[in-house]
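Peer 1: with the sequence up front, the predicted model follows.
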Amino acid sequence: MTEKNISLSGTDNTCNTADQPDYLVLVNRNHPLPKGWINKLDLIEEVNSLGETVVYESRTYSAYMKLKQALAEEGIFVQVDSCLRTVEEQQEIIDMFLEKYGEKYTREYAAVPGYSEHHTGLCLDLYFVIDGMDIYLNEDTEKYPEIWEKIHEKLARYGFILRYPAGKEKITGYNYEPWHIRYLDDPQLAERIMDSGITLEEYLEAF
């Protein structure tokens, strides 16, 4: 476990004063990353099957490894395309999406820098390895709904939720993303949210 000096400038909210991050932090189109957030994190790096370095918040990484092992036992092999992103990396993604997919797609799937949940280090974008081949483009992973269903069934057991479920676009601000999962550090809470079919926004507003 190492501490990384990663810039997440451009945010203007206030982080709580606890020594550890708030695992229920809300970062969305209307709520920026809390100021000083990165200083709360213990970070771990891992190289995925694409040869790319992925940076995780440490407890999120530990939970992901348990989820990954459980899925592997059922013949489902997952990797992580992205976890923590800097503001600069988020802008690079927006630029790439604009060039490749156009403005409408970019607006529906990509967050404004400073307002991306990926700045927290608590969410993961998953992809598959099938028969030794990396299936990592969003449009390609969407062709395997049966695999996503099996993955989603196991999320809560390890403290994760599906962050952008179908039918909740007006609440989350994003289209359905089967690959984007969020760590809450509380399997019982994750199970309640997943079983009830609500979003993190709805849970925080209610409780």
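Peer 2: Structure's in. What do you need? Numbering: from 1, shown residues only.

Peer 1: tell me where the model's unsure across the protein.
Peer 2: 1-18 (pLDDT under 70).

Peer 1: helices of that one, start to end?
Peer 2: Ranges of helices in the chain, per DSSP state H, are 58-72, 87-100, 103-109, 138-141, 145-155, 169-172, 187-196, 200-206.

Peer 1: now for those, which one comes closest to residue 121?
Peer 2: helix 58-72 (6.4 Å; Cβ to Cβ). (Each C-beta comes from the backbone N, C-alpha and C, glycine too.)

Peer 1: for residue 181, find the nearest of the helices of the chain.
Peer 2: Of all these, helix 145-155 comes closest under Cβ to Cβ, at 5.8 Å.

Peer 1: which strands or helices does the closest one pack on?
Peer 2: helix 58-72, strand 160-162, helix 187-196 (3 or more Cβ pairs under 8 Å, 6 or more residues apart in numbering; DSSP states H and E).

Peer 1: closest one to residue 29 among the helices of the chain?
Peer 2: Of all those, the one in closest proximity to residue 29, counting by Cβ to Cβ, is helix 169-172 (8.5 Å).

Peer 1: residues in contact with residue 164?
Peer 2: Residue 164 makes contacts with 172, 174, 175, 176, 177, 180, 199, as judged by Cβ atoms under 8 Å, 6 or more residues apart in numbering.

Peer 1: and the last one, how far from residue 66?
Peer 2: This means residue 199. 24 Å (Cβ to Cβ, to the nearest Å).

Peer 1: between these two, who's got more neighbours?
Peer 2: residue 199 (20 against 13; other Cβ atoms under 10 Å).

Peer 1: give me the phi and psi angles of that one.
Peer 2: phi -100, psi 170 (degrees, to the nearest 10).

Peer 1: now do it against residue 116, distance only.
Peer 2: Taking Cβ to Cβ, one finds residue 199 at 17 Å from residue 116.

Peer 1: could you measure from the residue located most distally from the centre of the chain over to residue 139?
Peer 2: The centre of the chain is farthest from one residue, residue 131, which by Cα atoms, centre = their mean lies 25.0 Å away. Distance of residue 131 to residue 139, computed by Cβ to Cβ: 19 Å.

Peer 1: equivalent analysis for residue 105, please.
Peer 2: 10 Å.

Peer 1: what's the most buried one of the helices and strands packed on helix 145-155?
Peer 2: strand 160-162 (a mean of 25; mean count of other Cβ atoms under 10 Å).
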